[in-house]
Every structure is written in structure tokens, then in C-alpha cells.
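**Student:** structural data only, the sequence is not supplied:
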């Protein structure tokens, strides 16, 4: 897969932290829908760009040309999500044409949100193979985080709520949700036991260096799980992995975990602490590192400091707390400028489902631009450091 780097692709707890016992809720902005709507709505699920139909992503050639592309995991061959016979996919008459700001992929449908000329938002739905787009409703500026069989759940403006998958009806459940979970200092990490896991890692009232973990259920009920007294947490340094939230403790470089069940904390590994160093009067703290979870195994991408430039290395954390480096680094192809440091120096995971991963094993430089070349690989091979990549073959 080749995509210009600037293009947009598809879209705690130190020992001694005790879980809070209080639950917080707010008055709804509008009359809530009957309880029966969600009582039998099925499991709450996160969005995943990999479905039985393939891996979905939005390819951008420029700001006026974007198309939904799907890659078959069996053949690693992609095609535009279009069922129109003889379509040349060259303009907006093509079914694959996407003007959406965001794309959310479920097993049974794909949803897109586009901005209208008057500033409103249009929510559209497609079949599970990405074809036959049709409008659903005019809605607010939503960011969705999960869905069940009846609703999409997310944040719109300052409120958490849901949108009916049948007719687009909006229901708002919790005020001030954007400030808590969807600004530059907070995030929703994923789904655990039918609730969203949310982290607020800066400016917690009364605790400016703390991070709070919350569970947010489908009815907008908010429960604090734990408070982490560790500064410097940020995106990708605080993640959901199985039944725990895992984070990097910046002052020490330790990787820690907090149980979502009871708020207790544990040490995951301290084997990377020696890399938390000062170099030429610059502190390369763990805030420069990132975490990922592959089949609930923790991957830490660490900034090491050689003589000429920083280089990332990726390490798998073993069950006993030891770490194993994951080779190799990404491959640079094409007309690579002198002194180039690639956008990512390690093979990063773009998406995953079960044993199937989408990764970026190479960056290609063409006419002054840098493009990623994506591939499928099994989680087993990735975690073992084997480079059994199946790079995508895509339509032009």
C-alpha cells in the first residue's frame, strides 16, 4: 500500500492506587430512549478496519480524491469498494468515492461522516463490503468509539451519547464528556466488559500530575477505577491490554499495569529503565516511548540515542518481565534523502484482528514524498520477529 505520509488513513497505576467507590452521572440533554433499546442490543464492540470482507482504509491522492479501498487478507490484493459495472473509479460517481471526515468499520456495515456545505454533518451507511452508500441522517459532529446492534456510541460536542443505526436518532447521556474524554489531555482507550475505558491524564482537579481511569457504560454512568500519580502520560504511553491499563512511568521508565477489576497495580517490567537517559542535556524520558498490545502482549517502542541520531527499537515484554528485541527495523526504499530518519523506525502495527495484523515494514521515497508500504503478517510471526510479510498489491 502506498499512501502519502501527510494523508489521513482510517481513522494508572502506581502501587497504592485504590479504586474509587463513587459513581457519577448527569442529567440527559434530551429525553432518554427507553431502556429496552439497549437491553437486548447485544455486545458493545470496538470498531476494527479488518472484517471478514477484508481490510478497509481510505486512500487519498489529494484532498479532492479519496476512495474506500478493501484488501483481501487471503491474497493481499486490494480493490476499490465499488460494485458499478465498468466504473473507472475516476470521479464521485464511483461508489468507492469518499468525502467523509471519518470512517467507522463494523462487521455488518461501514459508517462515514461528511461535512455539508452549511457546516452540518451527514451520517451515511454502506454494506459490509463497502459498497452501496446511502444517507442515514443529518447529525452533529460525532466521534464514535464503539457500537452494538442498535446504536453507535461516542462524543458529540460536550456530551457522550448514542446514534440509532436505524434512523440516526441522537440521544445525549452525559454532559462535559469532551472535557473528560475527548480533548488533548484525555482519550477513550477501548472497551472492557461492556463499558468504555477512559483516561484523563492531565489537569485532574486537585491532582495536576495525576491520571484518572474511568469506566463509562452505555447509559452514561461514569465510575472512577483508579488514580495514577505519575506525570507525563500521553497518547500511546497509556493503553488498554486485556483486563488492564498499561502505562509507562516517566520518572523511572518502568512499565506498569492497573487492573480494571479492582484498581490494583503491578510492575510489568523494569528492564528498559536504563534507556531512560539524559543525552546532550536533553532528557529522553519515557514520554518519547510508545506502547502497543498485540494479542495482549505488550510492545514497547523505545528511543535509543546513538552518536548521530535517535533510533527507535521495539521490544516484546515477556510474561516474566524480561524483554526481547523485535527485529528488523523498517526498510527504506527509493530515492532516500541523505540523513533521513524515517517517520517510524520500527515496524508498527496499524490494525489487528485475532491473529492477523496490518503492519508497515517499509517506507518508500518517490519524487520528494514518503509513502508507507503496508503488509499482512500473523501475530505469531510478528511477536517472534519473523519478517513473513505479504505486502499489499493495490489498484492505481
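**Tutor:** Looks like it came in fine. Given the structure is predicted, the values throughout are model-derived calculations rather than measurements.

**Student:** and stretch 47-62, how far out from the chain's middle?
**Tutor:** Put simply, stretch 47-62 sits 13 Å off its chain's centre (C-alpha atoms, centre = their mean, to the nearest Å).

**Student:** nope, stretch 87-106 is what I meant
**Tutor:** 22 Å.

**Student:** ok, stretch 91-110 next?
**Tutor:** A distance of 18 Å separates the centroid of the chain from that of stretch 91-110, by C-alpha atoms, centre = their mean.

**Student:** next, the buried residues of it.
**Tutor:** 94-98, 100, 102-106, 109-110 (16 or more other C-beta atoms under 10 Å). Using the backbone N, CA and C atoms, a C-beta is placed for each residue, glycine as well.

**Student:** out of those, which is nearest to residue 347?
**Tutor:** residue 105 (22.8 Å; C-beta to C-beta).

**Student:** mind pulling up the pLDDT for that closest one?
**Tutor:** For residue 105, the model assigns a pLDDT of 97.

**Student:** again with residue 216
**Tutor:** 95.

**Student:** which residue is the nearest non-sequential neighbour of it?
**Tutor:** residue 196 (4.4 Å; C-beta to C-beta, 6 or more residues apart in numbering).

**Student:** beta partners of the one you found?
**Tutor:** With DSSP bridges applied, residue 196 shows beta-bridge pairing to residue 191, residue 216.

**Student:** I'd say it and residue 145 touch.
**Tutor:** Yes: the criterion here is C-beta atoms under 8 Å, and residue 196 meets it with residue 145 at 6.0 Å.

**Student:** between these two, which contacts overlap?
**Tutor:** Shared contacts of residue 196 and residue 145 (C-beta atoms under 8 Å, 6 or more residues apart in numbering): 153, 188.

**Student:** for the residue nearest to residue 295 when sequence neighbours are not counted, give its distance to residue 320.
**Tutor:** With C-beta to C-beta, 6+ apart as the criterion, residue 295 has its nearest non-adjacent residue at 5.0 Å, and that residue is residue 379. Distance of residue 379 to residue 320, computed by C-beta to C-beta, to the nearest Å: 20 Å.

**Student:** the two: who's more crowded?
**Tutor:** Legend: neighbour count by other C-beta atoms under 10 Å for residue 379 and residue 320, higher for residue 379 (17 against 7).

**Student:** how about that one, what does it touch?
**Tutor:** Contacts of residue 379 by C-beta under 8 Å, 6+ apart are 294, 295, 352, 354, 355, 356, 357.

**Student:** which of those tops the neighbour count?
**Tutor:** residue 357 (24 neighbours).
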